[in-house]
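Quick one: sequence plus predicted model below, questions after.
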Protein chains: 2
Amino acid sequence: MTSSPTTEICFVLPPALLLLDFAGAADAFRIASQMGLPVRLRMVAPVREGEAAPTGLGVSLSGVEPLPAHLGDDVLVVVCGAVGDGEAVLSRRGSRTLVDWLRLRVADRSVACVCSGALLAAAAGLLRGRRCTTHHTLLDALRRLEPTADVLDSRVFVEDRGVYTSAGVTAGIDLALHLIAGLGSPRLAAAVAREMAVYLRRAPGDPALSPWLEGRNHMDARIHRIQEALAHAPAENWPLSRLAEIGHMSVRSLTRRFREASGMSINSYHARLRLALARQALATGDTVERAAERAGLGSARQLRRLWAAGADGTPATARGKGPD
Amino acid sequence: MTSSPTTEICFVLPPALLLLDFAGAADAFRIASQMGLPVRLRMVAPVREGEAAPTGLGVSLSGVEPLPAHLGDDVLVVVCGAVGDGEAVLSRRGSRTLVDWLRLRVADRSVACVCSGALLAAAAGLLRGRRCTTHHTLLDALRRLEPTADVLDSRVFVEDRGVYTSAGVTAGIDLALHLIAGLGSPRLAAAVAREMAVYLRRAPGDPALSPWLEGRNHMDARIHRIQEALAHAPAENWPLSRLAEIGHMSVRSLTRRFREASGMSINSYHARLRLALARQALATGDTVERAAERAGLGSARQLRRLWAAGADGTPATARGKGPD
């Protein structure tokens, strides 16, 4: 990942910032950056040089930049939400400046809106004709503000051609994890989620869980340690005795606790990771034999057998279909 | 609730604050306060008057108080975590001052620690002999720091005689919701969670879900609106046609979507709320007849019938047993 160009994640902080809208997404990107994702965080607000940006909690954020006249090419703009109803969000001193800046500087760029940030983006015309969402109490306000938008009302977040919008407050964390999965990998997003102790969730309309995320919705720290070892090197052979050692438990406890926590056996968990690895290899053009080898399977036949048990189609049909 | 004394929620911000540790809990309490919970937020840090408190994100928080020489009587101290491993958290300039302050001013008070905040509390001796937890990567550091503590490793949060500790980062939101349920009510905590779009979660060791929280782990905004109407006035009769109107949908869609979203029928959902209401009435000494009336049930017999279908024991055995 170190060879990719660095993406600037530019957080736009409206007056009366809802601090959690910003902190949730920003800490997710900070952790991803520490784990190797080539991103750089930048915080901008409708303030003068040296002025602090007020939050809805009474405290302010200092060290924030005034709205810049130019943005780089490889930038993702994250518009955070503010405290209050639709009128409050749009009518504060500074909101108009912010909306004008969004209209002038951000149109046609990748934009992610957290919670009521979607109202600011809509006022700037960025949601014209798009599918989008926002905090559940602001859905009607968003519909009035941008009648051409298709406002969805039961989604954690919505993506439409480079424009992302999320439901209320904590949904910004889910959106950030989704963006991290796209900029990096689902595996990195799962590692960030784990670091933040975010429970992995499913919601109507969510895509199926990636195998790197499956079976991780529990709080057993030792089982997570074992799952991390497996996910770090799925092509290896992992005798139960070695996994039990990593978890500081007996083999008997291991098999019981693994199943209790993850909802599946260790074998099944390991097989899913291997399948995912093989699928990635096939998607980038590897032969079935080479994909089997990469996934630590003895032969193409063994891969086909695993595939038949756990996935649709055959390894051959999955070649060149793009990564999961 | 307006007649209760105001509780001060005093957030303690360590150097290199992990912003989400603070923002998650603080925004939860801010929303609870707007919904009527008598709390006042205060932010303190090892800074000089007028100095901003640095976060791990590069920006700083201004408008924060220096560590006060005195704390009021009705105060809950929330020790937030910092970025980095155990050594980093404890060794920064300001951390020693903070730990000394915790030892002198906070011992024997209600304390809640988010994530690595538990390390600071442990260094100040506040976790001596207590059951507690922290971020999953810091469990061993916490054990070394306070060998007399019983450090639990697979809990979202742990409560031990007025001392609360939570797992990593976002678990601070769960802890805040738990504290809000205690200071206010489970119903208020559910309303705050809904406002923040927090999914309700269960984890090993969690108490059973309150009926005010059950069936709310979905993203269907219209069904939430209907559930809010029911929860607001569970003693009322709610013809399906009236609920369908609230949800802007047909009765047929209503019954289907309600079950899909909540995992139970409308009747069952309504019955659980009525049972909870009756249980509260019985716990505060009401007769079975009076409890039935309060829950909007025609007779004690109807309450007994509902009870037999949905709860252990009988209404009579539940009298005076304290609220759920």
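That came through fine.

What's the local residue count around residue A:37?
The tally of other residues near residue A:37 (other Cβ atoms under 10 Å in any protein chain shown) stands at 23. For glycine as for every other residue, the C-beta is placed from the backbone atoms N, C-alpha and C.

sec struct for it, please.
Applying DSSP: H, G, I helix; E, B strand; the rest coil to residue A:37 yields a three-state assignment of coil.

Quick check: chain neighbours aside, which residue is closest to the residue in the stretch 1-150 of chain A positioned nearest to chain B?
For the stretch 1-150 of chain A, the residue closest to chain B is residue A:23, as judged by Cβ to the nearest Cβ, at 3.6 Å. For residue A:23, the nearest residue in space outside its immediate sequence neighbours is residue B:23; the separation is 3.6 Å by Cβ to Cβ, 6 or more residues apart in numbering or on different chains.

buried stuff in whichever strand or helix holds the one you found?
Under DSSP states H and E, the secondary-structure element containing residue B:23 is helix B:19-34. Neighbour counts using 16 or more other Cβ atoms under 10 Å in any protein chain shown place B:19-33 of helix B:19-34 among the buried residues.

Next: stretch A:115-126.
A:115-124, A:126.

show me what contacts residue A:21?
A:80-81, A:114-117, A:169, A:172 (Cβ atoms under 8 Å, 6 or more residues apart in numbering or on different chains).

taking those one by one, which sit in helices?
A:117, A:172 (DSSP state H).

Output the contacts of residue A:21 in CSV; the columns should cover distance to chain B.
What follows is the contacts of residue A:21, written out as CSV (distance: Cβ to the nearest Cβ, whole Å):
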residue, distance to chain B
A:80, 11
A:81, 11
A:114, 11
A:115, 8
A:116, 12
A:117, 14
A:169, 4
A:172, 9
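
Quick one: name the residues of the stretch 151-300 of chain A near chain B.
Counting by Cβ under 8 Å from any Cβ of the partner chain, the positions of the stretch 151-300 of chain A adjacent to chain B are A:153-156, A:167-171, A:173, A:194-199, A:201, A:203-204, A:218-222, A:224.

Filter those residues down to the buried ones, ChimeraX style.
Buried members of these, identified by 16+ other Cβ under 10 Å, are gathered into one ChimeraX selection as follows:
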select /A:153,154,155,156,167,168,169,170,171,173,194,195,196,197,198,199,201,203,218,219,220,221,222,224
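
if we can go back for a sec, I'd like the distance between the residue of the stretch 1-150 of chain A closest to chain B and residue B:141.
Between residue A:23 and residue B:141 the distance, using Cβ to Cβ, to the nearest Å, works out to 24 Å.

cool, and residue A:237?
From residue A:237 over to residue B:141 the distance is 32 Å, taken as Cβ to Cβ.

What count of nearby residues applies to residue A:105?
Residues near residue A:105, counting by other Cβ under 10 Å: 19.

Kindly report the same for residue A:82.
By the criterion of other Cβ under 10 Å, residue A:82 has 26 neighbours.

Ok, residue A:294 next?
18.

Skip the chain neighbours and tell me the closest residue to it.
Counting by Cβ to Cβ, 6+ apart, the residue nearest residue A:294 is residue A:281, at 4.6 Å.

Identify the residues contacting that neighbour.
Residues in contact with residue A:281, defined by Cβ under 8 Å, 6+ apart, are A:290-291, A:294-295.

List only buried entries from those residues.
Neighbour-count burial (16+ other Cβ under 10 Å) is assigned, among those, to A:291, A:294-295.

circling back: in CSV, list the contacts of residue A:281 along with secondary structure and pLDDT.
Written out in CSV, the entries for the contacts of residue A:281 read as follows (DSSP: H, G, I helix; E, B strand; the rest coil; pLDDT from 0 to 100):
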residue, secondary structure, pLDDT
A:290, helix, 90
A:291, helix, 89
A:294, helix, 88
A:295, coil, 90
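
which residues does residue A:165 contact?
Per Cβ under 8 Å, 6+ apart, neighbours of residue A:165: A:112-113, A:117-118, A:121, A:127, A:132-134, A:157-158.

quick one: contacts for residue A:58?
B:41, B:43, B:63.

was I right about the second one contacting residue A:59?
Yes - the criterion here is Cβ atoms under 8 Å, and residue B:43 meets it with residue A:59 at 5.6 Å.

Looking at the two, which is more packed in?
The neighbour count for residue B:43 versus residue A:59, taken as other Cβ under 10 Å, is higher for residue A:59 (24 against 21).

shouldn't that one be in contact with residue B:65?
No - the pair residue A:59 / residue B:65 is not scored as a contact, 9.9 Å apart, by Cβ under 8 Å.

any residues in contact with both of the two?
Joint contacts of residue A:59 and residue B:65 (Cβ under 8 Å, 6+ apart) are residue B:43.

the helices in the stretch 151-300 of chain A, which residues?
Taking DSSP state H, counting those that start in this stretch, the helices of the stretch 151-300 of chain A run over residues A:171-183, A:186-195, A:221-232, A:240-246, A:251-262, A:266-283, A:288-294, A:300-310.

quick one: the helix holding residue B:23 to helix A:171-183, angle?
Interaxial angle, helix B:19-34 versus helix A:171-183 (axes from the mean of the first three to the mean of the last three Cα atoms, to 10 degrees): 150 degrees.

Check which residues of the next helix-or-strand element following helix B:19-34 are buried.
Following helix B:19-34 in sequence order, the next helix or strand is strand B:39-45 (DSSP H and E). Within strand B:39-45, the residues that count as buried by 16+ other Cβ under 10 Å are B:39, B:41-45.
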